[in-house]
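**Q** Next input, structure requested:
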Amino acid sequence: VLATFEMMARRAHALAGAALARSGRARCLSTVDSDARFRFLAPLNARHSNGHDILNDPLWNKGSAFTESERDRLGLRGLLPAHVSTLEEQVERFISKLRVHGDDPIRQNTMLQDLQNRNETLYHRVLVDHVEEVAPLVYTPTVGKVCQEFSHDFHKSRGMYITPKEQGEMATVMRNWPRTAAQVVVVTDGSRILGLGDLGANGMGIPIGKLALYCAVGGIAPHRVLPVMLDLGTDNQKLLDDPTYRGYRHPRLKGSAYYAAVDEFVQSIFTRYPQALLQFEDFSSDKASTLLGKYRDRYLCFNDDIQGTGAVVLAGVLGALRMQRRPAAELVNLRVAVVGAGSAGIGVAQALHSAMVQLGMNSKMAAENFFVFDQCGLLGKSRYSSLTEEQMFFARSDIADGSALEAVIEQVKPDLVLGLSGKRGTISEGAIRAMAKHTERPIVMPLSNPTSSAEISPEEAYMWSEGRAIVATGSPFGSVELPDGRVMTPSQCNNMYIFPGLGLGASVCAAETIPESMLYYSALALSKMATEDDLAVGRVFPDITTIRECSREVAIACVRHARDLNIARASPARNESIDRWVERKMYYPEYVPLFRPADHKQLCRSRCRRHRRLPVLGPGAADVGRSHEACFSAAGFSAVSSLSPERRGLSSRLRVWAAARPARSSAGRLRLARWTRPRGVGEALSSVA
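**A** Residues are numbered from 1 along each chain as shown. Here you go, the predicted structure:
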């Protein structure tokens, strides 16, 4: 019998694979391998949901795309319009509605949130198919305004909110999250949202937006992500006085009380999900580096503002060297001006410094290539009492403390200027003209978000450098036509080129930690993705429509490096390459067949009117038992009575746990004990179903 089930399973897989290939419901996973590989869409078991529940669960819901057979077996008949739509039809229908409100990004973001709350598969497919158009609506620059209006426009809770009320019980509270697994957790305390300052609990829009990109761009399944607001209060008096504010209405915790709360939260996360990746997002500059330094060597975590920004900037700089036809090793010769000494600015400087050391440069000599500015001017060692340890590392003693940017550029002639101040105009015309005078192709990267906070616009950078600048920005900008007729397209140096792939790779191989060297190899992999056509029009990053391919390459680089360092806790299957392993683990938003196994009594009643009631075994009981077995044969069920398995003629390999029912008063009359599936053939039966 077991052999029969196995044969049926193999045949079902073969027939289903062929049918899916013919109908287009299987997706080609690779264009590199010569053999055509397709992913079989294994059906999912909706056993705990009825028809109405399925329609109201965004992870299960397909809207009008449920097939005729699914409507029958899931109890959806009569609950949906007659027409069966395809996923592609739904995508085009939604994107057409979205474009009607093209002049109102907040309205578009609201429409996308509503879609995510109804149908997550369709939501992520819209984002995948129209990433260039939709990503700015989901994340920067629109997400900044969304966070400001979060309390006023709150409709449905998503993720978890942890406050000081939960201290001492955070590990228990984490059990309230219904998912048994989490690959990526993004947490913020709302203390520094983009360039908007302390937004408290309103900053929850950031983890939600980040995880949307993790799913669509990085291939993390939406049921395996968790956004968290660590709401430890706010010092924004305007929010505390706002009657509609939905956060913890108390001043923000400080000092040891703050760090104790964060520590309990971090331990609670890794107690609940030991192999999850924890991403810190938009923590204030005075705490971000401290928290990263405390946990980076103990847990699988990273800070996207510090490490993610640094890695993507490093990739952009390596791409700029490619555009100049210079090898990556030339990085050690670059002189870098960093405008902004917060966590992001210092993080970028650390990433570039680490890359220089990775290329063989002495750490102290590499630090001499950096000139970091805050609102008071150049960081000098004479200010040691007011600087953090990380800032002191880059402070200068050979140039006057507080020197202006233009004066330092005239003196040291940097090749690269980075804007991470969050303030418009901090990179002036004089600074760009001074760079252009000494450098053939000055590299200018105003990276602050949103668009209104960019230190300099691409048009200004091109005009003031006579069209010679290589420009990459944090927020999206349009192409610029120069006076000589050339059209230059600035790159968007956005963290979403790095963090989805980094998270995918680290979670796939279950890395123990994320060392600095992994960020370097991630950036190196990304820098190779720009094509010659991209470089020709001024882009140092690949077109955003290829971002899933970028995430895959970044993830592959992370996995390989983790295995080289022996910090990977998971391995690919036997004879499986790392490339195919990562590709196989990537989520792609497409509708998967659903089924719901019916109760054995319902199955019997639907199959055979004769067996509406369980029979009593007596004379001729064997015939009745056989008729039941025939009734259930297609569903893979076996009739088991209180008679011994030997007398019933069943193999001992198919014995089941069901105990025999007691005999009735009349000797020899036994009730049918149970209809159940044999043990050991569950996978085969799932395939048959």
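
**Q** What strand or helix carries the residue most central in space within the chain?
**A** When Cα atoms, centre = their mean is applied to the chain, the residue found nearest the centroid is Y214 (1.6 Å). Following DSSP states H and E, one finds Y214 within helix 205-216.

**Q** Measure how far that helix is from the centre of its chain, please.
**A** Chain-centre distance of helix 205-216: 6 Å, with Cα atoms, centre = their mean, to the nearest Å.

**Q** Which positions in it come out as buried?
**A** Using 16 or more other Cβ atoms under 10 Å as the burial criterion, the residues of helix 205-216 that qualify are 205-216. No exception for glycine: its C-beta is placed from N, CA and C like everyone else's.

**Q** How about stretch 443-461?
**A** Quick answer for stretch 443-461 (16+ other Cβ under 10 Å): 443-451, 453-461.

**Q** Give me the subset of the residues you listed lying in strands.
**A** Judged by DSSP state E, strands contain the following of the buried residues of stretch 443-461: 443-446.

**Q** nearest to A570, of these?
**A** M445 (35.7 Å; Cβ to Cβ).

**Q** sorry, back to before: the residue nearest to the centre of the chain and A182 touch, don't they?
**A** No: contact criterion Cβ atoms under 8 Å: Y214 and A182 do not qualify, at 11.4 Å.

**Q** Give me the common contacts of the two.
**A** V225 (Cβ atoms under 8 Å, 6 or more residues apart in numbering).

**Q** where in the stretch 301-450 of the chain is pLDDT low?
**A** Applying pLDDT under 70 to the stretch 301-450 of the chain flags no residue at all.

**Q** Kindly recompute the last result at 90.
**A** Within the stretch 301-450 of the chain, the stretches with pLDDT under 90 are 305-306, 309, 342-344, 347, 381-390, 422-423, 425, 448-450.

**Q** in it, which spans are strands?
**A** 301-303, 336-339, 370-374, 377-378, 416-419, 443-446 (DSSP state E, counting those that start in this stretch).

**Q** would you turn those strands into CSV with distance to P222?
**A** Shown next, in CSV, are those (distance: least, Cβ to Cβ, whole Å):
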stretch, distance to P222
strand 301-303, 21
strand 336-339, 37
strand 370-374, 39
strand 377-378, 46
strand 416-419, 34
strand 443-446, 32
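
**Q** which residues touch Y295?
**A** 266, 278, 301.

**Q** Now do the helices in the stretch 101-250 of the chain.
**A** Taking DSSP state H, counting those that start in this stretch as the criterion, the stretch 101-250 of the chain contains helices spanning 105-118, 120-129, 131-138, 142-148, 170-173, 205-216, 237-240.

**Q** ok so, going back, list just the one of the strands of the stretch 301-450 of the chain that sits closest to E133.
**A** That would be strand 443-446 among the strands of the stretch 301-450 of the chain, by Cβ to Cβ, at 22.9 Å.

**Q** Give me the residues contacting the closest one.
**A** Residues contacting strand 443-446 (Cβ under 8 Å, 6+ apart): 313, 316-317, 320, 415-419, 427, 432, 435, 454-457, 461, 465, 469-474, 493.

**Q** Paired strands for it, with orientation please.
**A** The pairing partners recorded for strand 443-446 under DSSP bridges are strand 416-419 (parallel), strand 470-473 (parallel).

**Q** Let's see the last one as PDB, backbone CA atoms only.
**A** Backbone C-alpha positions of strand 470-473 (Å, rounded to 0.1, in the frame of the first residue of the first chain) are rendered in PDB as follows:
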ATOM      1  CA  ILE A 470      29.300  62.000 -11.100                       C
ATOM      2  CA  VAL A 471      26.100  62.400  -9.100                       C
ATOM      3  CA  ALA A 472      24.200  59.900  -6.900                       C
ATOM      4  CA  THR A 473      21.300  61.000  -4.600                       C
END
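
**Q** From the contact counts, what lies against the very next helix or strand once past it?
**A** For strand 470-473, the succeeding helix or strand toward the C-terminus, using DSSP H and E, is strand 480-481. Judged by 3 or more Cβ pairs under 8 Å, 6 or more residues apart in numbering; DSSP states H and E, the packing partners of strand 480-481 are helix 458-464, strand 487-488.

**Q** Columns mean pLDDT and distance to A506 on top of those, output as a markdown table?
**A** Listed next are these as a markdown table, based on pLDDT from 0 to 100; distance: least, Cβ to Cβ, whole Å:
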| stretch | mean pLDDT | distance to A506 |
| --- | --- | --- |
| helix 458-464 | 94 | 33 |
| strand 487-488 | 90 | 35 |
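
**Q** which stretch among the ones you listed comes nearest T67?
**A** Nearest of those (Cβ to Cβ): strand 487-488, 47.2 Å.

**Q** Same list, the helices and strands packed on strand 480-481, but as a markdown table with distance to Y520 please.
**A** Putting those into a markdown table (distance: least, Cβ to Cβ, whole Å) gives the following:
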| stretch | distance to Y520 |
| --- | --- |
| helix 458-464 | 27 |
| strand 487-488 | 29 |
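
**Q** Just grab the bridge partners of the closest residue to S403 other than its chain neighbours for me.
**A** Nearest non-adjacent residue to S403, counting by Cβ to Cβ, 6 or more residues apart in numbering: L378, 4.3 Å away. Beta bridges link L378 to F373 when assigned by DSSP bridges.

**Q** ok, L378 - how many residues close by?
**A** Other residues near L378 come to 22 when the count uses other Cβ atoms under 10 Å.

**Q** is it true that it touches V372?
**A** Yes: L378 is within contact range of V372, at 7.3 Å (criterion: Cβ under 8 Å).
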